[in-house]
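J.: With the sequence up front, the predicted model follows.
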Amino acid sequence: MAFPKAQRWLLAALLLSGGASALSGSIDPYFLDVVMGVGVGIVLASSLNLINGFTGQFSLGHAGFMAVGAYTSAMLSTVVAPRTGLGPVALQWVFFPASLVAGGAVAALAGLAVGAPSLRLKGDYLAIVTLGFGEIIRVVLQNVDAVGGARGLTGVPAHTNLLWTFGTASLTVYTVWALLESTRGRGFLAVADDEVAAEAMGLDTTRYKITAFGIGSFFAGVAGGLYAHLKGYLNPGGFSFDKSIEIVVMVILGGMGRHAGVVFAAILLTLLPEGLRELGSRSIPNPFGGPAWSLDWIKDARMILYSLLLILLMLLRPEGLFHRRPSRMPSS
Amino acid sequence: MLEVQNLSVRYGAITALHGISLSVPAGGIVTLIGGNGAGKTTTLRAISGMVRPASGRIVFDGRDITGLPPHEIVRLGLAHSPEGRLVFANLTVMENLRMGAYLQRDARWIASELEHVFAMFPRLKERIDQAAGTLSGGEQQMLAIGRALMSRPRFLMLDEPSLGIAPLLVKEIFARLVELNRERSLPLLLVEQNAHLALEVSTHGYVLETGRVLLSDRSEVLRDSPQVRGAYLGG
């Protein structure tokens, strides 16, 4: 088994993140912000891949779990941290990771609370339940004044750095990978392939689904914490249905249940809006004379592009960009 | 070995089984025959815990297993090879077989049983690293049976092993099943549309119709019964 090799990769990735983090003072802040956003995207996409890709469930509420983690860790940092009397170093290196884990844990609990009753159902019910959950979270956050309500939560300290983002990203990818390679890990794939057959083999399919959902939600929560301490500001609108769809697109584009493909898709789709913003700030000369044509509309074309991308992908490569295994055969 | 008493199953408002009773003796081969919608598959699914019976009792090896979840029933040694060869299409042949041994801990037993499955169905060994979804129908059925054997069953239920398979392969698969039953005295409960073949290999048969047991007898008696001949054996 390639276990030790994978652990070496994990170690290398962690060291690299640490090294890059130490040098981050000399990196352009805008670029740094984008790169860390990529790291958060990888955490989100890989964790959703465990649920939607490998285990074959369909969650549309990943942004909701991300929001739970984001608000939990942000509240810890803004309300609890100042009262602990810890210095800035201890805050960033001890309190912050603890708050990330706490955010993840609360998100996982929310995941279990949503998942336990709905994962017993088969088919598309989960998609509807998780969609509803995501919206409920957003509406609640919008209306609870203690977390800033619709104004948002401000003053979140900027603890997120390259080490925390890419350390978490590497750990997420590694955890999902190790989980699937473990002796019982093939069970996730079996549940995705055929639930009835998996049951007939003696797999407790509900437990598999709940495990996938719990772990996936945990990392979504951690990603939320990273995001909160990266942007310094949380707004319930940032965790809307659009965000969940964005993560789903990453998983589908990467090829449901491909480790590397989904990481690549996360990088691509996190950079895409930045590229569009850059493009949107330009204009093309008007061939008929007169004022140049502005490309400003492109900035807002992200969701249109995602939709087109999905349609094209479903038509041309329904198995995702990076899928190798044969797609499912029609049964009998 | 297996006693089903007065089993009823409802899907919402529809009653699929109206109190059927059947028994499979140790080492026997029992077949359930009947047309579409007679309740054959439902019976197997109720026995393996995938659907919850509305009433009745299922006793396996002296133990009441009514209402137990499927993974606990498999643990007791009752294996179910579901209808339509539900192999894990995206897993390889080897991964499918290993999935069958999901509850087994003894690595040496798993290795020797794998050899046995490959000896029984040499084609599976040829396709060991191939994704199961790319196998032919007959090969998938062999895999489904092999996978069921990997769960170390003391009792095996097979749902329509002949469905959509070339006649020559069906003969081969049934021959292997009979061997299996003889060599290990492994009891089989066989659901079949192909009544002719099923009554040939089995010792006892039950004829189901719209959720009730219409007839039950030794297989050779059923084979000669004018009622069965007319309805299921084509005259």
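T.: Received, thanks.
J.: For the residue in chain B that chain A sits nearest to, pull up the helix or strand it's in.
T.: Across chain B, the shortest distance to chain A (CB to the nearest CB) belongs to B:Val74, at 3.1 Å. Where C-beta positions appear, they are placed from N, C-alpha and C, glycine not excepted. With elements taken from DSSP states H and E, the one containing B:Val74 is helix B:70-75.
J.: and that helix, how far out from the chain's middle?
T.: Relative to its chain's centre, helix B:70-75 lies at 15 Å (CA atoms, centre = their mean, to the nearest Å).
J.: From chain B, how far out is A:Leu312?
T.: A:Leu312 sits 24 Å away from chain B, going by CB to the nearest CB, to the nearest Å.
J.: In a strand, that residue, correct?
T.: No - residue state for A:Leu312 (DSSP: H, G, I helix; E, B strand; the rest coil) corresponds to helix; a strand is not indicated.
J.: With only the CA atoms kept, save the helix holding B:Val74 in CSV.
T.: In CSV, the C-alpha atoms belonging to helix B:70-75 read as follows (Å, rounded to 0.1, in the frame of the first residue of the first chain):
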residue,chain,number,x,y,z
PRO,B,70,-29.4,-5.8,6.5
HIS,B,71,-25.8,-5.5,7.7
GLU,B,72,-26.6,-7.6,10.8
ILE,B,73,-28.4,-10.2,8.8
VAL,B,74,-25.4,-10.6,6.4
ARG,B,75,-23.2,-11.0,9.5
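J.: for it, what is the average pLDDT?
T.: The average pLDDT within helix B:70-75 is 90.
J.: what sits opposite the residue most central in space within chain B in the beta ladder?
T.: A centroid search over chain B (CA atoms, centre = their mean) returns B:Leu158, at 1.4 Å, as the residue closest to the centre. With DSSP bridges as the criterion, B:Leu158 is bridged to B:Ser81, B:Leu190.
J.: Okay, A:Leu189 and A:Leu179: tell me how far apart.
T.: Look at A:Leu189 and A:Leu179: by CB to CB, to the nearest Å, they are 11 Å apart.
J.: Compare those two and say which is more crowded by neighbours.
T.: A:Leu189 (22 against 16; other CB atoms under 10 Å in any protein chain shown).
J.: which SSE is that one in?
T.: Counting by DSSP H and E, A:Leu189 is found in helix A:186-193.
J.: What of A:Ala6?
T.: Assigned by DSSP H and E, A:Ala6 falls in helix A:3-22.
J.: mean confidence score for that helix?
T.: 81.
J.: which residues in the chain form helices?
T.: Unless you meant another one, I'm taking chain A. A:3-22, A:29-48, A:62-75, A:81-84, A:88-90, A:96-118, A:125-143, A:162-181, A:186-193, A:195-200, A:205-231, A:241-254, A:259-280, A:302-316 (DSSP state H).
J.: sorry, should have said chain B
T.: B:40-47, B:70-75, B:93-100, B:107-120, B:122-126, B:137-149, B:167-184, B:195-201, B:219-224, B:226-232.
J.: Select, out of those helices, the one closest to A:Gly111.
T.: helix B:70-75 (22.4 Å; CB to CB).
J.: Any buried residues in the closest one, and which?
T.: Neighbour-count burial for helix B:70-75 flags B:70-71, B:73-74 (criterion: 16 or more other CB atoms under 10 Å in any protein chain shown).
J.: Check which helices and strands it sits against.
T.: helix A:195-200 (3 or more CB pairs under 8 Å, 6 or more residues apart in numbering or on different chains; DSSP states H and E).
J.: Run through who's touching the helix it packs on.
T.: Helix A:195-200 is contacted from outside by A:122, A:187, A:190-191, A:205, A:208, B:48, B:50, B:70-71, B:74, B:79-82, B:86-88, B:99, B:144, B:148, using CB atoms under 8 Å, 6 or more residues apart in numbering or on different chains.
J.: for B:Gly39, what are its contacts?
T.: Neighbours of B:Gly39 in contact, by CB under 8 Å, 6+ apart: B:9, B:16-17, B:20, B:208, B:210-212.
J.: Now that we have the residues you listed, which of them are buried?
T.: Here, 16+ other CB under 10 Å leaves B:9, B:16-17, B:20, B:208, B:211 buried among those.
J.: want to throw those residues into a markdown table with distance to B:Asn36?
T.: What follows is the buried ones among the contacts of B:Gly39, written out as a markdown table (distance: CB to CB, whole Å):
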| residue | distance to B:Asn36 |
| --- | --- |
| B:Val9 | 16 |
| B:Ala16 | 12 |
| B:Leu17 | 15 |
| B:Ile20 | 17 |
| B:Leu208 | 11 |
| B:Gly211 | 12 |
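J.: Next, give me the two most distant ones among these.
T.: Maximum distance among these (CB to CB): 12.3 Å, for B:Val9 and B:Leu208.
J.: thinking again about what came up before, any quick PyMOL command for the buried ones out of the contacts of helix A:195-200?
T.: Restricted to buried positions by 16+ other CB under 10 Å, the PyMOL selection for those reads:
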select buried, (chain A and resi 187+190+191+205+208) or (chain B and resi 48+50+70+71+74+79+80+81+82+86+87+88+99+144+148)
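J.: what comes up buried for stretch B:210-219?
T.: Quick answer for stretch B:210-219 (16+ other CB under 10 Å): B:211, B:213, B:215-216, B:219.
J.: how deep is residue 117 tucked in, by neighbour count?
T.: Just so you know, I chose chain A. Neighbours of A:Pro117 (other CB under 10 Å): 10.
J.: To clarify, I was referring to chain B.
T.: B:Val117: 21 surrounding residues under other CB under 10 Å.
J.: A:Val79 now?
T.: Around A:Val79 there are 11 residues (other CB under 10 Å).
J.: so who does it touch?
T.: So A:Val79 contacts nothing (CB under 8 Å, 6+ apart).
J.: can we see that at 10 Å?
T.: Going by CB atoms under 10 Å, 6 or more residues apart in numbering or on different chains, A:Val79 touches A:146-147.
J.: just to revisit the earlier point, and the residue nearest to the centre of chain B, what pLDDT?
T.: 93.
J.: do A:Gly61 as well
T.: Reading off the model, A:Gly61 has pLDDT 92.
J.: what do you get for A:Gly261?
T.: pLDDT for A:Gly261: 89.
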